[in-house]
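K.L.:
Structure for the following, please:
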Amino acid sequence: MPLHCTITKNDFLEGLNSLQNITNKKGTLAILSNVLIEAKSNGLELTGTDLEVGLRLFVPADVKSEGSITLPCKKIFEIVRESGSDTITIEETENSWVVITAGHSTYNLAGMASDEYPDFPDYQDDSFVTFESYVFLELIDKVIYSIASEQENIYSLTSVLFEKEQRDGVAYLKMISSDGHRLSIMEKDVAADIAQLKLNDITLIPKKGVQEWKKFCEDRDTVEISFEEKQMVLREGQAVMVIRLKQGDFPKYQSIVDAVQLENCARINRIPFLESLKRINLFTEDMFHTIQLQIDNEKMVLSSQNADLGNAKDIQEIDYPGEPLTLGFNCRYFIETLQVMECETVEAYINSNNSPCLIRSDEDGGFTSIIMPMQL
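P.N.:
All right, here's what the predicted structure looks like:
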(Lines give C-alpha, C1' and ligand atoms only; values in the text may rest on other atoms or scores of the structure.)
Protein backbone atom coordinates (compact mmCIF):
# COMPACT_ATOMS: atom_id res chain seq x y z
CA MET A 1 0.00 0.00 0.00
CA PRO A 2 1.21 3.57 -0.65
CA LEU A 3 2.52 5.40 2.41
CA HIS A 4 0.33 8.18 3.84
CA CYS A 5 1.00 9.87 7.18
CA THR A 6 1.05 13.13 9.13
CA ILE A 7 3.87 13.99 11.53
CA THR A 8 4.72 16.99 13.69
CA LYS A 9 7.46 19.23 12.32
CA ASN A 10 9.63 19.12 15.46
CA ASP A 11 9.59 15.33 15.79
CA PHE A 12 10.37 14.85 12.10
CA LEU A 13 13.08 17.51 12.08
CA GLU A 14 14.84 16.01 15.11
CA GLY A 15 14.88 12.56 13.54
CA LEU A 16 16.10 13.77 10.14
CA ASN A 17 18.78 15.94 11.74
CA SER A 18 20.27 12.88 13.48
CA LEU A 19 20.66 11.18 10.09
CA GLN A 20 22.31 14.06 8.18
CA ASN A 21 25.97 13.16 8.75
CA ILE A 22 25.34 9.51 7.93
CA THR A 23 23.43 10.00 4.67
CA ASN A 24 25.37 12.98 3.28
CA LYS A 25 28.50 10.98 2.48
CA LYS A 26 29.26 10.97 -1.23
CA GLY A 27 29.36 7.34 -2.29
CA THR A 28 28.84 5.03 -5.22
CA LEU A 29 25.31 4.01 -4.25
CA ALA A 30 22.85 6.84 -4.84
CA ILE A 31 20.26 5.35 -2.51
CA LEU A 32 22.59 5.77 0.49
CA SER A 33 21.91 9.52 0.40
CA ASN A 34 18.25 8.68 1.05
CA VAL A 35 16.44 8.02 4.31
CA LEU A 36 14.28 4.92 4.50
CA ILE A 37 10.84 5.87 5.83
CA GLU A 38 8.66 3.00 7.01
CA ALA A 39 5.16 3.83 8.23
CA LYS A 40 4.02 1.44 10.93
CA SER A 41 0.76 1.43 12.88
CA ASN A 42 1.84 4.00 15.48
CA GLY A 43 4.60 5.99 13.81
CA LEU A 44 7.55 6.15 11.42
CA GLU A 45 10.82 4.25 11.45
CA LEU A 46 13.59 6.36 9.91
CA THR A 47 16.75 4.57 8.80
CA GLY A 48 20.00 5.93 7.38
CA THR A 49 23.26 4.16 6.56
CA ASP A 50 26.55 4.64 4.75
CA LEU A 51 27.38 0.92 5.21
CA GLU A 52 29.84 1.87 7.98
CA VAL A 53 27.34 3.45 10.40
CA GLY A 54 23.62 2.70 10.46
CA LEU A 55 21.00 4.51 12.55
CA ARG A 56 17.35 3.61 13.03
CA LEU A 57 14.98 5.95 14.87
CA PHE A 58 11.28 5.88 15.71
CA VAL A 59 9.12 9.00 15.63
CA PRO A 60 5.41 9.09 16.48
CA ALA A 61 3.05 9.90 13.61
CA ASP A 62 -0.58 9.67 12.54
CA VAL A 63 -0.36 6.86 9.99
CA LYS A 64 -3.30 6.69 7.60
CA SER A 65 -1.77 4.05 5.36
CA GLU A 66 1.25 1.86 6.13
CA GLY A 67 4.05 1.57 3.58
CA SER A 68 7.70 2.37 2.95
CA ILE A 69 9.77 4.55 0.62
CA THR A 70 13.20 6.20 0.51
CA LEU A 71 13.56 9.96 0.03
CA PRO A 72 16.62 12.25 -0.34
CA CYS A 73 17.52 12.89 3.30
CA LYS A 74 19.09 16.32 2.82
CA LYS A 75 16.22 17.65 0.70
CA ILE A 76 13.41 16.47 2.93
CA PHE A 77 15.31 17.83 5.94
CA GLU A 78 15.50 21.24 4.23
CA ILE A 79 11.79 21.12 3.36
CA VAL A 80 10.80 20.33 6.94
CA ARG A 81 13.23 22.86 8.43
CA GLU A 82 11.91 25.72 6.28
CA SER A 83 8.29 24.74 6.71
CA GLY A 84 6.00 27.29 8.31
CA SER A 85 3.58 24.59 9.44
CA ASP A 86 3.58 22.60 12.69
CA THR A 87 2.62 19.41 10.83
CA ILE A 88 3.91 17.69 7.68
CA THR A 89 1.86 15.28 5.55
CA ILE A 90 3.55 12.76 3.23
CA GLU A 91 1.53 10.86 0.66
CA GLU A 92 3.08 8.42 -1.78
CA THR A 93 1.84 8.54 -5.38
CA GLU A 94 3.04 6.58 -8.43
CA ASN A 95 6.60 5.54 -9.31
CA SER A 96 8.04 6.36 -5.87
CA TRP A 97 7.01 10.01 -5.96
CA VAL A 98 5.54 11.67 -2.88
CA VAL A 99 3.45 14.75 -2.27
CA ILE A 100 4.55 16.66 0.83
CA THR A 101 2.08 19.13 2.28
CA ALA A 102 3.11 21.66 4.93
CA GLY A 103 0.55 24.38 5.61
CA HIS A 104 0.01 26.28 2.38
CA SER A 105 3.07 24.72 0.72
CA THR A 106 3.07 21.61 -1.48
CA TYR A 107 6.12 19.76 -2.78
CA ASN A 108 6.47 16.90 -5.22
CA LEU A 109 9.61 14.90 -4.40
CA ALA A 110 11.11 11.95 -6.26
CA GLY A 111 12.07 9.00 -4.08
CA MET A 112 13.36 5.48 -4.69
CA ALA A 113 11.73 2.14 -3.94
CA SER A 114 12.44 0.85 -0.44
CA ASP A 115 13.29 -2.67 -1.60
CA GLU A 116 16.56 -1.32 -3.05
CA TYR A 117 17.68 -0.06 0.38
CA PRO A 118 20.39 -2.06 2.25
CA ASP A 119 19.11 -4.25 5.08
CA PHE A 120 19.68 -2.89 8.58
CA PRO A 121 22.22 -5.17 10.31
CA ASP A 122 20.94 -7.87 12.63
CA TYR A 123 22.34 -7.89 16.14
CA GLN A 124 22.19 -10.06 19.23
CA ASP A 125 19.83 -8.91 21.93
CA ASP A 126 21.33 -10.53 25.00
CA SER A 127 24.68 -8.85 25.66
CA PHE A 128 23.87 -5.16 26.23
CA VAL A 129 25.32 -3.21 29.15
CA THR A 130 23.85 0.11 30.30
CA PHE A 131 26.14 3.09 30.94
CA GLU A 132 25.67 6.74 31.78
CA SER A 133 26.09 8.69 28.54
CA TYR A 134 28.55 11.17 30.03
CA VAL A 135 31.11 8.35 30.38
CA PHE A 136 31.39 8.00 26.60
CA LEU A 137 31.15 11.73 25.97
CA GLU A 138 34.18 12.34 28.19
CA LEU A 139 36.15 9.43 26.72
CA ILE A 140 35.46 10.59 23.16
CA ASP A 141 36.18 14.28 23.79
CA LYS A 142 39.61 13.45 25.19
CA VAL A 143 40.79 11.37 22.20
CA ILE A 144 38.84 12.25 19.05
CA TYR A 145 41.05 15.19 18.06
CA SER A 146 44.15 13.00 17.60
CA ILE A 147 42.63 10.30 15.37
CA ALA A 148 44.54 10.16 12.07
CA SER A 149 42.88 11.56 8.95
CA GLU A 150 41.66 9.21 6.21
CA GLN A 151 44.83 9.99 4.21
CA GLU A 152 46.98 8.27 6.84
CA ASN A 153 49.01 5.36 5.44
CA ILE A 154 48.57 3.27 8.59
CA TYR A 155 44.94 2.28 8.16
CA SER A 156 44.29 1.38 11.81
CA LEU A 157 45.24 4.88 13.03
CA THR A 158 42.04 6.26 11.47
CA SER A 159 40.21 4.54 14.35
CA VAL A 160 40.00 4.66 18.14
CA LEU A 161 41.18 1.65 20.12
CA PHE A 162 38.59 0.67 22.74
CA GLU A 163 39.58 -1.41 25.77
CA LYS A 164 38.23 -2.51 29.13
CA GLU A 165 40.20 -3.32 32.26
CA GLN A 166 39.57 -4.56 35.78
CA ARG A 167 42.13 -3.12 38.23
CA ASP A 168 42.12 -3.34 42.01
CA GLY A 169 38.46 -4.30 41.95
CA VAL A 170 37.52 -1.27 39.82
CA ALA A 171 36.21 -1.48 36.23
CA TYR A 172 37.64 0.89 33.63
CA LEU A 173 36.78 1.74 30.03
CA LYS A 174 39.58 3.17 27.93
CA MET A 175 39.93 4.90 24.54
CA ILE A 176 43.24 5.45 22.74
CA SER A 177 43.96 7.40 19.56
CA SER A 178 47.11 8.29 17.65
CA ASP A 179 48.01 9.88 14.32
CA GLY A 180 51.63 8.75 14.51
CA HIS A 181 52.81 12.12 15.88
CA ARG A 182 50.89 12.15 19.14
CA LEU A 183 49.04 9.77 21.41
CA SER A 184 45.93 10.40 23.52
CA ILE A 185 44.74 8.02 26.24
CA MET A 186 41.61 8.40 28.36
CA GLU A 187 40.19 5.99 30.90
CA LYS A 188 37.17 6.24 33.18
CA ASP A 189 36.05 4.06 36.05
CA VAL A 190 32.50 2.74 35.68
CA ALA A 191 30.02 1.06 38.00
CA ALA A 192 28.56 -1.21 35.30
CA ASP A 193 29.46 -4.89 34.89
CA ILE A 194 31.95 -4.75 32.01
CA ALA A 195 32.37 -8.55 31.99
CA GLN A 196 29.34 -8.57 29.66
CA LEU A 197 31.22 -6.57 27.01
CA LYS A 198 32.70 -9.05 24.53
CA LEU A 199 35.57 -7.10 23.00
CA ASN A 200 37.91 -8.41 20.31
CA ASP A 201 41.63 -8.67 21.07
CA ILE A 202 41.90 -5.37 19.18
CA THR A 203 38.63 -3.41 18.99
CA LEU A 204 38.91 -0.54 16.51
CA ILE A 205 36.07 1.95 16.03
CA PRO A 206 36.33 4.14 12.89
CA LYS A 207 36.43 7.92 13.29
CA LYS A 208 33.02 8.36 11.63
CA GLY A 209 31.57 5.84 14.07
CA VAL A 210 33.11 7.66 17.04
CA GLN A 211 31.64 10.97 15.82
CA GLU A 212 28.17 9.46 15.49
CA TRP A 213 28.53 7.65 18.84
CA LYS A 214 29.12 11.05 20.44
CA LYS A 215 26.04 12.54 18.76
CA PHE A 216 23.95 9.56 19.88
CA CYS A 217 24.94 10.14 23.51
CA GLU A 218 24.56 13.93 23.60
CA ASP A 219 20.82 14.11 24.25
CA ARG A 220 20.48 10.90 26.23
CA ASP A 221 21.05 10.19 29.93
CA THR A 222 21.92 6.52 29.49
CA VAL A 223 22.81 4.29 26.56
CA GLU A 224 23.01 0.52 26.14
CA ILE A 225 26.05 -0.85 24.34
CA SER A 226 27.01 -4.23 22.93
CA PHE A 227 30.01 -5.53 21.01
CA GLU A 228 30.04 -8.33 18.45
CA GLU A 229 32.91 -9.59 16.32
CA LYS A 230 32.37 -7.19 13.42
CA GLN A 231 30.14 -4.48 14.86
CA MET A 232 29.16 -2.51 17.94
CA VAL A 233 25.58 -1.60 18.75
CA LEU A 234 24.23 1.39 20.67
CA ARG A 235 20.64 1.43 21.84
CA GLU A 236 18.31 3.66 23.79
CA GLY A 237 14.57 3.07 23.71
CA GLN A 238 13.62 2.52 20.06
CA ALA A 239 16.77 4.20 18.69
CA VAL A 240 19.49 1.82 17.46
CA MET A 241 22.92 2.61 15.98
CA VAL A 242 25.18 -0.05 14.49
CA ILE A 243 28.85 0.77 13.79
CA ARG A 244 31.02 -1.57 11.74
CA LEU A 245 34.36 -2.24 13.45
CA LYS A 246 37.67 -2.01 11.62
CA GLN A 247 40.20 -4.80 11.47
CA GLY A 248 43.93 -4.38 12.01
CA ASP A 249 46.67 -3.75 14.55
CA PHE A 250 47.29 -0.74 16.75
CA PRO A 251 50.62 0.57 18.08
CA LYS A 252 51.78 -0.84 21.42
CA TYR A 253 50.89 2.40 23.13
CA GLN A 254 51.83 1.35 26.67
CA SER A 255 55.48 0.92 25.70
CA ILE A 256 55.46 4.51 24.38
CA VAL A 257 54.09 5.74 27.72
CA ASP A 258 56.58 3.68 29.70
CA ALA A 259 59.49 5.12 27.69
CA VAL A 260 58.92 8.57 29.23
CA GLN A 261 60.57 8.79 32.65
CA LEU A 262 58.34 10.63 35.10
CA GLU A 263 61.18 12.60 36.69
CA ASN A 264 61.99 15.77 34.74
CA CYS A 265 58.73 17.69 35.25
CA ALA A 266 57.68 21.21 34.28
CA ARG A 267 54.53 22.50 35.99
CA ILE A 268 52.77 25.07 33.82
CA ASN A 269 49.59 27.09 34.28
CA ARG A 270 47.31 25.71 31.57
CA ILE A 271 45.31 28.76 30.47
CA PRO A 272 48.28 31.20 30.18
CA PHE A 273 50.23 28.46 28.35
CA LEU A 274 47.32 27.88 25.95
CA GLU A 275 46.92 31.59 25.24
CA SER A 276 50.66 31.93 24.66
CA LEU A 277 50.62 29.02 22.19
CA LYS A 278 47.78 30.61 20.23
CA ARG A 279 49.75 33.84 19.94
CA ILE A 280 52.93 32.08 18.87
CA ASN A 281 51.01 29.96 16.36
CA LEU A 282 50.19 33.13 14.39
CA PHE A 283 53.78 33.06 13.06
CA THR A 284 54.26 29.36 12.40
CA GLU A 285 54.55 27.88 8.93
CA ASP A 286 51.11 26.61 7.92
CA MET A 287 51.91 22.93 7.37
CA PHE A 288 54.06 22.00 10.37
CA HIS A 289 53.19 24.68 12.99
CA THR A 290 56.75 24.36 14.34
CA ILE A 291 57.62 26.24 17.53
CA GLN A 292 60.69 26.28 19.74
CA LEU A 293 60.44 25.90 23.51
CA GLN A 294 63.42 26.96 25.63
CA ILE A 295 63.01 25.89 29.24
CA ASP A 296 65.46 27.18 31.82
CA ASN A 297 65.51 28.73 35.28
CA GLU A 298 61.77 28.83 36.05
CA LYS A 299 60.76 30.26 32.70
CA MET A 300 59.79 29.02 29.25
CA VAL A 301 60.45 31.03 26.10
CA LEU A 302 58.17 30.16 23.18
CA SER A 303 59.21 31.33 19.71
CA SER A 304 58.17 30.84 16.10
CA GLN A 305 59.14 32.24 12.74
CA ASN A 306 57.61 32.45 9.30
CA ALA A 307 59.76 33.14 6.25
CA ASP A 308 57.13 35.43 4.74
CA LEU A 309 55.73 37.16 7.83
CA GLY A 310 58.35 37.45 10.54
CA ASN A 311 58.65 35.98 14.01
CA ALA A 312 57.15 35.95 17.49
CA LYS A 313 58.34 35.34 21.05
CA ASP A 314 56.45 34.85 24.31
CA ILE A 315 57.64 34.15 27.86
CA GLN A 316 55.85 32.07 30.49
CA GLU A 317 56.75 31.58 34.15
CA ILE A 318 56.84 27.89 35.08
CA ASP A 319 57.91 25.61 37.92
CA TYR A 320 60.92 23.69 36.57
CA PRO A 321 63.97 22.61 38.60
CA GLY A 322 65.70 20.55 35.88
CA GLU A 323 68.47 21.08 33.34
CA PRO A 324 67.93 23.58 30.47
CA LEU A 325 66.07 22.20 27.44
CA THR A 326 65.59 23.40 23.87
CA LEU A 327 62.76 21.63 22.08
CA GLY A 328 60.81 21.70 18.84
CA PHE A 329 57.12 20.77 18.66
CA ASN A 330 54.01 21.16 16.53
CA CYS A 331 52.21 24.02 18.25
CA ARG A 332 48.76 22.83 17.18
CA TYR A 333 49.23 19.51 19.00
CA PHE A 334 49.79 21.32 22.30
CA ILE A 335 46.82 23.63 21.71
CA GLU A 336 44.42 20.77 21.00
CA THR A 337 45.61 18.81 24.03
CA LEU A 338 45.32 21.73 26.44
CA GLN A 339 41.86 22.62 25.09
CA VAL A 340 40.36 19.29 26.16
CA MET A 341 41.89 19.48 29.63
CA GLU A 342 40.13 21.21 32.55
CA CYS A 343 42.91 21.58 35.12
CA GLU A 344 44.65 24.72 36.36
CA THR A 345 48.17 23.28 36.17
CA VAL A 346 49.55 20.74 33.71
CA GLU A 347 52.52 18.50 34.33
CA ALA A 348 54.83 18.16 31.31
CA TYR A 349 57.48 15.42 31.52
CA ILE A 350 60.41 15.67 29.10
CA ASN A 351 63.56 13.56 29.38
CA SER A 352 65.83 15.41 26.93
CA ASN A 353 65.98 17.79 23.95
CA ASN A 354 64.91 14.99 21.59
CA SER A 355 62.34 13.27 23.80
CA PRO A 356 58.55 13.20 23.51
CA CYS A 357 56.54 15.28 25.96
CA LEU A 358 54.07 13.51 28.26
CA ILE A 359 51.27 15.75 29.55
CA ARG A 360 48.87 14.96 32.37
CA SER A 361 47.34 16.41 35.51
CA ASP A 362 45.89 15.03 38.73
CA GLU A 363 42.86 17.27 38.06
CA ASP A 364 42.28 15.51 34.71
CA GLY A 365 42.21 11.98 36.06
CA GLY A 366 42.65 9.19 33.54
CA PHE A 367 43.98 11.42 30.75
CA THR A 368 47.47 11.18 29.25
CA SER A 369 48.81 12.88 26.13
CA ILE A 370 52.17 12.26 24.47
CA ILE A 371 53.46 14.62 21.77
CA MET A 372 56.44 13.64 19.65
CA PRO A 373 59.23 16.22 19.11
CA MET A 374 60.22 17.87 15.84
CA GLN A 375 63.68 18.64 14.47
CA LEU A 376 64.48 22.34 14.70
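K.L.:
contacts and neighbour counts: CA atoms only from here.
P.N.:
Noted.
K.L.:
Would you mark the buried spots in the lengthiest helix in the chain?
P.N.:
Using DSSP state H, we find that the single longest helix of the chain is helix 9-23. Across helix 9-23, burial judged by 16 or more other CA atoms under 10 Å covers 9, 12, 13, 15, 16, 18, 19, 20, 21, 22, 23.
K.L.:
any idea which helix or strand comes after that helix?
P.N.:
As assigned by DSSP states H and E, the chain's next helix or strand after helix 9-23 is strand 34-40.
K.L.:
Which of the buried residues of helix 9-23 lies at the shortest distance from residue 3?
P.N.:
Nearest to residue 3 among those is residue 12, at 15.6 Å by CA to CA.
K.L.:
which residues does that closest one contact?
P.N.:
For residue 12, the contacting residues are 59, 80, by CA atoms under 8 Å, 6 or more residues apart in numbering.
K.L.:
How about the one 4 residues further on?
P.N.:
For residue 16, the residues meeting the contact criterion (CA under 8 Å, 6+ apart) are 46, 73, 77.
K.L.:
which residue packs closest to the last one, ignoring adjacent ones?
P.N.:
Think residue 77. Spatial nearest neighbour of residue 77, chain neighbours left out: residue 16 (5.9 Å); criterion: CA to CA, 6 or more residues apart in numbering.
K.L.:
how much space is there between the one you found and residue 24?
P.N.:
12 Å (CA to CA, to the nearest Å).
K.L.:
Where does residue 273 fall, secondary structure wise?
P.N.:
Going by DSSP H and E, residue 273 is part of helix 270-281.
K.L.:
Same question for residue 121.
P.N.:
Using DSSP H and E, residue 121 is not contained in any helix or strand.
K.L.:
Run through the bridge partners of the closest residue to it other than its chain neighbours.
P.N.:
The shortest distance from residue 121 to any non-neighbouring residue, by CA to CA, 6+ apart, is to residue 242 (7.2 Å). Beta bridges link residue 242 to residue 54, residue 233, judged by DSSP bridges.
K.L.:
so what's residue 242 up against?
P.N.:
53, 54, 55, 121, 231, 232, 233, 234.
K.L.:
Apply 6 Å and report the result again.
P.N.:
Residue 242 makes contacts with 53, 54, 232, 233, as judged by CA atoms under 6 Å, 6 or more residues apart in numbering.
K.L.:
Report the beta-bridge partner residues of residue 346.
P.N.:
Beta-bridge pairing for residue 346 (DSSP bridges): residue 268.
K.L.:
What number of residues are in the vicinity of it?
P.N.:
23 (other CA atoms under 10 Å).
K.L.:
From residue 12, how far off is residue 84?
P.N.:
Residue 84 is 14 Å from residue 12, by CA to CA.
K.L.:
residues touching the closest residue to residue 182 other than its chain neighbours, list them.
P.N.:
The shortest distance from residue 182 to any non-neighbouring residue, by CA to CA, 6+ apart, is to residue 371 (4.4 Å). Residue 371 sits next to 182, 356, 357 when contact means CA under 6 Å, 6+ apart.
K.L.:
May I see those residues arranged in CSV, with distance to residue 274, pLDDT and neighbour count as well?
P.N.:
Listed next are the contacts of residue 371 as CSV, based on distance: CA to CA, whole Å; pLDDT from 0 to 100; neighbours: other CA atoms under 10 Å:
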residue, distance to residue 274, pLDDT, neighbour count
182, 18, 95, 22
356, 19, 94, 25
357, 16, 96, 24
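K.L.:
For those, give me TSV that also has distance to residue 210 and secondary structure.
P.N.:
Putting the contacts of residue 371 into TSV (distance: CA to CA, whole Å; DSSP: H, G, I helix; E, B strand; the rest coil) gives the following:
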residue	distance to residue 210	secondary structure
182	18	strand
356	27	coil
357	26	strand
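K.L.:
quick one: the helices in the stretch 1-150 of the chain?
P.N.:
For the stretch 1-150 of the chain, the helices defined by DSSP state H, counting those that start in this stretch cover 9-23, 73-82, 133-143.
K.L.:
Could you do the stretch 251-376 of the chain as well?
P.N.:
For the stretch 251-376 of the chain, applying DSSP H, counting those that start in this stretch gives helices covering 253-258, 270-281, 331-340.
K.L.:
ok, and for the shortest one, which residues are buried?
P.N.:
I take that to be helix 253-258. Residues of helix 253-258 classed as buried by neighbour count (16+ other CA under 10 Å): residue 257.
K.L.:
how about residue 173, what does it touch?
P.N.:
Here residue 173 is in contact with 163, 164, 187, 188 (CA under 6 Å, 6+ apart).
K.L.:
8 Å instead?
P.N.:
By CA under 8 Å, 6+ apart, the contact list for residue 173 reads 162, 163, 164, 165, 187, 188, 189, 190.
K.L.:
Next: residue 352.
P.N.:
Here residue 352 is in contact with residue 325 (CA under 8 Å, 6+ apart).
K.L.:
Tell me the confidence at it?
P.N.:
Residue 352 is assigned a pLDDT of 90 by the prediction.
K.L.:
and it, how far is that from residue 182?
P.N.:
Counting by CA to CA, the gap from residue 352 to residue 182 is 17 Å.
K.L.:
So, low pLDDT: which residues of the stretch 201-350 of the chain?
P.N.:
In the prediction, the stretch 201-350 of the chain carries no residues with pLDDT under 70.
K.L.:
again, only this time at 80
P.N.:
286-287 (pLDDT under 80).
K.L.:
the strands in it, which residues?
P.N.:
203-206, 222-227, 231-236, 239-244, 265-269, 290-296, 299-306, 310-317, 325-330, 345-350 (DSSP state E, counting those that start in this stretch).
K.L.:
Counting by contacts, list what the helix holding residue 273 packs against.
P.N.:
Here helix 270-281 touches strand 299-306, strand 310-317, helix 331-340, going by 3 or more CA pairs under 8 Å, 6 or more residues apart in numbering; DSSP states H and E.
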